[in-house]
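Enquirer: For reference, the sequence and a predicted model appear below.
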Amino acid sequence: MNEGEKMKPLQIGYLLRSGTTGFVAGCSVSQLASPALGALISAPLSSGYQVYGLIHDIHIDDDGLVRQLVTADNISQEVMRDNRERRIVPVEMSVLTVGWEQDGRISHLLPPRPPLSLDVINLCDEDELVKFTGAGSFGYFRHVLRNKDLPIGEILAAHIQQAGAAHAHKGNLLWQEQAAQELIILLRDDYPTLMSVLSALGDALPLDK
Amino acid sequence: MTIDYQQVIQKIREIAAGAKQSDEQISARRLRASSLLEAHANRLDELLYKVDQACEHDPSLRCALPVSDALNASVELPDLPPQVTLIAADGSQINPDRHAALFFSLINVGAIVIEPGSGKTPDIFTFSDLKYGEELYTDTGLLGEDLIAMGRDLAERQKLLDLAEKYPSPVVALTDGPVEVWGPKDGSLEAYRRTLETHLLVLSRLQDRDVTLGGLVDKPGANLVVRLLEIAEMHVENLKDIRKKSSLRGVSDRWLFRQLPPGARSAVFGLQSSSRAHYKGGLALHFFYLNTSSDGHPYLVRVEIPAWVAQDESKLNMLHAALISQCRILGARSYPYILHRAHEIAVVKLQEKQQVEQMLMLELLKAGAEVGEPSNKQATKDLPGRGSK
C-alpha cells in the first residue's frame, strides 16, 4: 500500500479535557466497539505533531432514566437501542499520555503541550502501534508505572498483549518478551507491584515454561 | 432576607389542625360520589338531559358526558397489535423576556417514533422555530406567553401529522396534555381563532390518515365526572344555579376511578366544555381514565381522544394497550416511555437558551444591527453569590 492509499485513521471520539500527563476523550455508545483497555490512541494536532496515550479506564455514566429503566421487568431491544444510540450518554475514556511525535520522530517523554478540547482522537492501527512501541527502549512504561492508584498490571498486560500481537504480525516475535524483561528491571525494587504486573502478564500472555 | 419561618409555622399548625376535619368532610363526599356513580351508572339519557339543561344556564359548563358505556364500566387491558407505529411529540419554548438583552422567542418540538417489537432503533426529530423582531407581534400587540404556548401545541400536532404520513400504519400518535388547544388569557382572540382553525385542520388530516390520536394528562386535577355526578343529584329546577353549586368539592375523578384494576380503563366520556362548539363530528373531544399502575397502588391518568378514536373499538384498544405497554417500560414510575423521551428531546435547557441568545447577538453585531442589554434588575439578579433569580 503506498502513501496515497493509506487507510483513514479510525476515529474513536473527541477530547473532553486534558493535561500534560493525561486526558479524557468522549464518544457515543455506538462508537464503543473499537477502543479497549490498554489500547494506544493518538491525538493528531497541527503540522506533524501528535500526542500518544494508553487507555486506562472506560467509563459510562448512568442517569435518572437509566436507573428507572433497570427497575422494569425487561428492557426491549428498541428501548435499549434508543438509550445507547439516541440518548446523549457519552462514554468517557481516560488516557495516560505516554509520548508524542513531531515530523515522524517518536518521543517517549511527556509532550510539550496537551491536545485541546474537541481534538479528534484516533485509535492507532497496527503500523502506528509497532512504530510507537518499537521506538526507543520502552521508556513510555514509566508513565504507566508511576500511577500506583491505577490497575497497572491489568493495563500493561492488555497493552503488551495488543502490541505483542502487532509486532509478531510484523515478524518480531521477541518484542513481548523484551517488554516483560524491561518491566522486571523497572520494578526490581518494588516487589509488590512487580508481582502484580507479572501475575497479570501471566494471565494475559502465553508465556513459555 | 429569607422566609419568616415563625409566621409560616403558625400557619402550618393551623392547616394541620384543620386537616382532620377537612378529611372527614371529604370522606363523606367521596362516599356520596361513589354511591352516585353506582346509582346513575346506567341512567345515561337522564344525565344527558340534565347536562343539556345545565348548559342552558351555564354554556361554559365543564363536565363529562355519558356516551354508551355504564359510568362505572371497567375495560381490561387488551393486547397490543403485533405491528404498530408509536409517535410522540412534545414541545418547549423560550418566551420573550423584556429584561433580557435580546427580545426573542423559540419553540422547540421533539418527536420520537418507536416500532415496538421491531428491534429497530427509534427515530428522533427536532423542530426549532426562532422568532425575532416583527415576528413577535400580532395584529393587536406583542405575542404573549399563552399565544406562544398555543403555537407550541400546534407545532407538536403538526409534527405528529408530518411523521404519521411517513411511517407504516397503524399509527398511534401521542401528546403530553390534552388534545384540546386552550384559548389565550392574554393574547388576541383573532390569533386564537386562527390557531384553532389550523389545529382543527391538522386534526382532520390526522383523522383522514386514520391515526389513533391520544393526549395523556398525568395526575389530572379535573373533576369532570364528579361534576356530572353533582348535576345528577340536583333537581332539574335547581340547575339554573349550577355555577354556584359544587356539592362534591374536594372529590376528584382520580379518586373516583381508583377502583379500576391495574391496566384497566374507565368508560369513555364525552367532554362538555365551551370549546365543544369548535370540536364537532369526528373531532368531538372524549376522554377516559386509565390505571397505569401494575400493582395495588392505583395511578390514574386521563386520556383525551377525538370522536374518531372514541367510536372505533379497535383504535381505542390499540391506544389503551400502547399506553400501558409504554408505562410498563419505566417500571414503578408508570409514565409512557415514549412521552418522556419526546420531552427529553424537546426540552430547552438554560444553557441552550443562553447559547441561542449569544449566537443571535453575535450575528446581529456582525451585521451592524442594534442590540440591547439586559435590564439593570436582571443584571443585578445575575450577580454571583446573590442566590436569587
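Expert: Structure's in. What do you need?

Enquirer: What's the end-to-end length of stretch A:117-135?
Expert: Chord length of stretch A:117-135, first to last residue, is 28 Å (C-alpha to C-alpha, to the nearest Å).

Enquirer: wait, does that stretch contact chain B?
Expert: No - against chain B, stretch A:117-135 shows no contacts by C-beta under 8 Å from any C-beta of the partner chain, the least distance being 15.4 Å. Heads up, the C-betas are built off the backbone N, CA and C, glycines and all.

Enquirer: what does chain A put close to chain B?
Expert: Residues of chain A that fall close to chain B, judged by C-beta under 8 Å from any C-beta: A:65, A:68-73, A:75-79, A:81-82, A:85-87.

Enquirer: Kindly report the residues of chain B close to chain A.
Expert: Counting by C-beta under 8 Å from any C-beta, the residues of chain B that sit close to chain A are B:112, B:114-122, B:124, B:328-333, B:337, B:340-341, B:344.

Enquirer: try it again with 10 Å
Expert: For chain B, the contact set with chain A under C-beta under 10 Å from any C-beta of the partner chain comprises B:86, B:112, B:114-124, B:294, B:325-335, B:337-338, B:340-341, B:344-345.

Enquirer: Let's see the PyMOL selection covering just the buried ones among those residues.
Expert: When burial is assessed using 16 or more other C-beta atoms under 10 Å in any protein chain shown, the buried subset of the residues of chain B next to chain A is captured in PyMOL by this command:
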select buried, chain B and resi 86+112+114+115+116+121+122+123+124+294+325+326+327+328+329+330+331+334+335+337+338+340+341+344+345
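
Enquirer: Among the residues of chain B next to chain A, name the ones in helices.
Expert: Using DSSP state H, the members of the residues of chain B next to chain A that fall within helices are B:325-329, B:337-338, B:340-341, B:344-345.

Enquirer: Make TSV out of those residues and add distance to residue B:243 and pLDDT.
Expert: Output for those, formatted as TSV (distance: C-beta to C-beta, whole Å; pLDDT from 0 to 100):
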residue	distance to residue B:243	pLDDT
B:325	42	96
B:326	39	96
B:327	37	95
B:328	42	93
B:329	43	93
B:337	41	96
B:338	40	97
B:340	38	96
B:341	42	96
B:344	42	94
B:345	42	95
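
Enquirer: tell me, how many neighbours does the closest residue to residue B:370 other than its chain neighbours end up with?
Expert: In space, and not counting its chain neighbours, residue B:370 is closest to residue B:364: 7.7 Å by C-beta to C-beta, 6 or more residues apart in numbering or on different chains. Other residues within reach of residue B:364 by the criterion other C-beta atoms under 10 Å in any protein chain shown amount to 15.

Enquirer: Any figure for the gap between residue B:364 and chain A?
Expert: In this structure, residue B:364 and chain A are separated by 26 Å, where distance is defined by C-beta to the nearest C-beta, to the nearest Å.

Enquirer: Can you tell me the element that residue falls in?
Expert: Taking DSSP states H and E as the definition, residue B:364 sits inside helix B:350-366.

Enquirer: And that helix, what's buried?
Expert: By neighbour count with 16+ other C-beta under 10 Å, helix B:350-366 contains the buried residues B:356-357, B:360.

Enquirer: and those residues as a markdown table, adding distance to residue B:15 and pLDDT?
Expert: A markdown table is the format used below for the buried residues of helix B:350-366 (distance: C-beta to C-beta, whole Å; pLDDT from 0 to 100):
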| residue | distance to residue B:15 | pLDDT |
| --- | --- | --- |
| B:356 | 43 | 91 |
| B:357 | 42 | 89 |
| B:360 | 47 | 91 |
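
Enquirer: Need those in JSON lines (columns: distance to residue A:110).
Expert: Formatted as JSON lines, the buried residues of helix B:350-366 follow (distance: C-beta to C-beta, whole Å):
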{"residue": "B:356", "distance to residue A:110": "40"}
{"residue": "B:357", "distance to residue A:110": "40"}
{"residue": "B:360", "distance to residue A:110": "42"}
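
Enquirer: Now do the contacts for residue 190.
Expert: No chain in the question, so chain A it is. With C-beta atoms under 10 Å, 6 or more residues apart in numbering or on different chains as the criterion, the residues that contact residue A:190 are A:145, A:148, A:196-197.

Enquirer: Can you look at chain B instead?
Expert: The neighbours of residue B:190, taking C-beta under 10 Å, 6+ apart as the test, are B:138-140.

Enquirer: before we move on, what about residue A:13?
Expert: Counted by C-beta under 10 Å, 6+ apart, residue A:13 has contacts A:24-28, A:31-32, A:34-35, A:41, A:90-93, A:119-123.

Enquirer: Same check on residue B:39?
Expert: By C-beta under 10 Å, 6+ apart, the contact list for residue B:39 reads B:71-72, B:229, B:232-233.

Enquirer: lowest-confidence helix or strand of chain B?
Expert: Across the helices and strands of chain B, mean pLDDT, DSSP states H and E gives its lowest value to strand B:141-142, namely a mean of 78.

Enquirer: quick one: strands adjacent to that strand?
Expert: Within its sheet, strand B:141-142 is paired with strand B:137-138 (antiparallel), according to DSSP bridges.

Enquirer: Would you mind pulling the contact partners of the strand it pairs with?
Expert: Applying C-beta under 10 Å, 6+ apart, the set of residues contacting strand B:137-138 from outside is B:131, B:143-144, B:147, B:184, B:187-188, B:190-192, B:194.

Enquirer: residues in contact with the nearest residue to residue B:324 once chain neighbours are set aside?
Expert: Counting by C-beta to C-beta, 6+ apart, residue B:263 is the residue found nearest to residue B:324 once chain neighbours are left out, at 5.0 Å. For residue B:263, the contact set (C-beta under 10 Å, 6+ apart) comprises B:75-78, B:290-294, B:320-321, B:323-325, B:327-328, B:334.

Enquirer: Mind jotting down where the strands sit in chain A?
Expert: With strands called from DSSP state E, chain A shows them at A:10-18, A:22-27, A:40-44, A:49-60, A:91-102, A:105-107, A:120-123.

Enquirer: Who are the contact partners of the closest residue to residue A:117 other than its chain neighbours?
Expert: Residue nearest to residue A:117 in three dimensions, not counting chain neighbours: residue A:15, with 5.9 Å by C-beta to C-beta, 6+ apart. Applying C-beta under 10 Å, 6+ apart, one finds that residue A:15 lies in contact with A:23-26, A:43, A:51, A:93, A:95, A:114-121.

Enquirer: That's all I had, so thanks and see you.
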